[in-house]
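# Need coordinates for the following:
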Amino acid sequence: MLKFRTLLALCIALLVSAFLAPGSVQAKVNPNGKLVLHLVPISKQKKKRKNTCFEHGVRSAADVLTEGKLYPQHYLAYVLIADFDTTQGITGVQFGISYDDSLERGVDIFSWQHCTLYEWPMDDWPAANTGNLLTWNQRDDCQKTEPLTVGFFYLTAYSPDRLKLIPRPVDGLARIAACGINGVNSNEKLDDIKAENLGWVDFGGGKGYNPWDPDQNLLNLRKRFQPVK
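Predicted coordinates for the structure are as follows:
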């Protein structure tokens, strides 16, 4: 048992160090990887039972809900990873969040539940403009199901606001790591997520943004409407 724990600790240390290492400018495994926010309305009855990492109901981009109502409606806001190589799988992710975290104004987040093995949140997470780094055990629990649940927030919005996924403020990066990453091959396994591939949800106005949907993705739309040379 001690040997296994030592090996696991070493693997985690290598993975975290790979995340913190300078990234390659080239995407290798998951150049189109996306982080999506998906809202699940919570009824009074459902508040009384435990919610899980697998109740979001998303099977495709069309299932994602990005538009929410104001208080008294409450939601679970799931963070999902999409458009990744399911043959290699995912072992880690990092991102941040932005919203108006004034008390009873805009979005109020009551709790956060991660669906990974480990997490390294910034101080005050999940306050606005903080971030998190989360990992699974790539040796025994490489994640190959799309979309992949990172975790979920329990929240409501008292006035119109936007909850947005952003790069992790401590280093200015949003990233996903493919399984098999180590200190040697991190540039091959680690991908920076493009700004166009970070989603958001709107409350009390606005439609939100689902980068997994090709008809919404900003990068795809810009390419579609570029003038023909």
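
# What's the first helix or strand after the lowest-mean-pLDDT helix or strand in the chain?
The helix or strand of the chain with the lowest confidence, counting by mean pLDDT, DSSP states H and E, is helix 2-20 at a mean of 50. The helix or strand immediately downstream of helix 2-20 is strand 34-42, counting by DSSP states H and E.

# For the chain, just list every one of the helices.
2-20, 44-47, 186-189, 218-224 (DSSP state H).

# For the third one, give the mean pLDDT please.
Spelled out, that is helix 186-189. Helix 186-189 carries an average pLDDT of 86.

# Mind listing what's buried along it?
Of all the residues in helix 186-189, those buried under the rule 16 or more other CB atoms under 10 Å are 186-187, 189. Using the backbone N, CA and C atoms, a C-beta is placed for each residue, glycine as well.

# Contact partners for the nearest residue to Gln73 once chain neighbours are set aside?
Nearest non-adjacent residue to Gln73, counting by CB to CB, 6 or more residues apart in numbering: Pro41, 6.2 Å away. For Pro41, the contacting residues are 68-69, 73-75, by CB atoms under 8 Å, 6 or more residues apart in numbering.

# what is Pro41 paired to in the beta sheet?
Note on Pro41: beta-bridge partners Tyr75, judged by DSSP bridges.

# are any of the contacts of Pro41 buried, and which?
The buried subset of the contacts of Pro41 (16+ other CB under 10 Å) comprises 68, 74-75.

# Would you convert the residues you listed into CSV that also reports distance to Ile109?
Below are the buried ones among the contacts of Pro41 laid out as CSV (distance: CB to CB, whole Å):
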residue, distance to Ile109
Gly68, 13
His74, 11
Tyr75, 10
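
# Let's have those residues in TSV, adding pLDDT.
TSV is the format used below for the buried ones among the contacts of Pro41 (pLDDT from 0 to 100):
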residue	pLDDT
Gly68	98
His74	97
Tyr75	97
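
# Take the contacts of Pro41 and write them to TSV, including distance to Ile81.
What follows is the contacts of Pro41, written out as TSV (distance: CB to CB, whole Å):
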residue	distance to Ile81
Gly68	21
Lys69	26
Gln73	26
His74	24
Tyr75	19
